[in-house]
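Q: give me the fold of what follows.
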Amino acid sequence: MQLKSVEPGSMGRTPAAFSMRSPYKAYRSPFGPQYKVAPNVHGITARHLAKYGTLAAGFGGVAGFFALFFFAEVPRVRTDIMQKIPILGDYFIVEIPPEDNPF
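A: This next block holds a predicted model:
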């Protein structure tokens, strides 16, 4: 009798990630509920993608709006972006009085 070498962590069992599925389908009773499994990729369905995509788009829009107004006082942002907004553009025009100009 020849003994087979076994690694201490596995104890001879195949890990679940590498095991094979059974070749048969599960029994469905004709009298039970007729359900269908939604197409998915690792448990993520189209409904999940739409829900979390909408949530991510909302957070992204708010973050972009915050960043735009946070950096509104930077001169380059003020002239290139903020002054071109139709209603608020006049608010971002900064004129330095001659007595405050060091040159």
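Q: please name every helix or strand in contact with the worst-scoring helix or strand of the chain on mean pLDDT.
A: Taking mean pLDDT, DSSP states H and E as the measure, the chain has helix 75-80 as its least confident helix or strand, at a mean of 90. If you count contacts as 3 or more C-beta pairs under 8 Å, 6 or more residues apart in numbering; DSSP states H and E, helix 75-80 packs onto no helix or strand. Where you see a C-beta, it was placed from the backbone N, CA and C, and this is true even at glycine.
Q: so Ala38, which of the three states?
A: The three-state label given to Ala38 by DSSP: H, G, I helix; E, B strand; the rest coil is coil.
Q: check the gap between Pro39 and Ala63 for me.
A: The gap separating Pro39 from Ala63 is 32 Å, by C-beta to C-beta, to the nearest Å.
Q: Ile93 too?
A: 27 Å.
Q: same check on Pro30?
A: In terms of C-beta to C-beta, Pro30 sits 53 Å off from Ala63.
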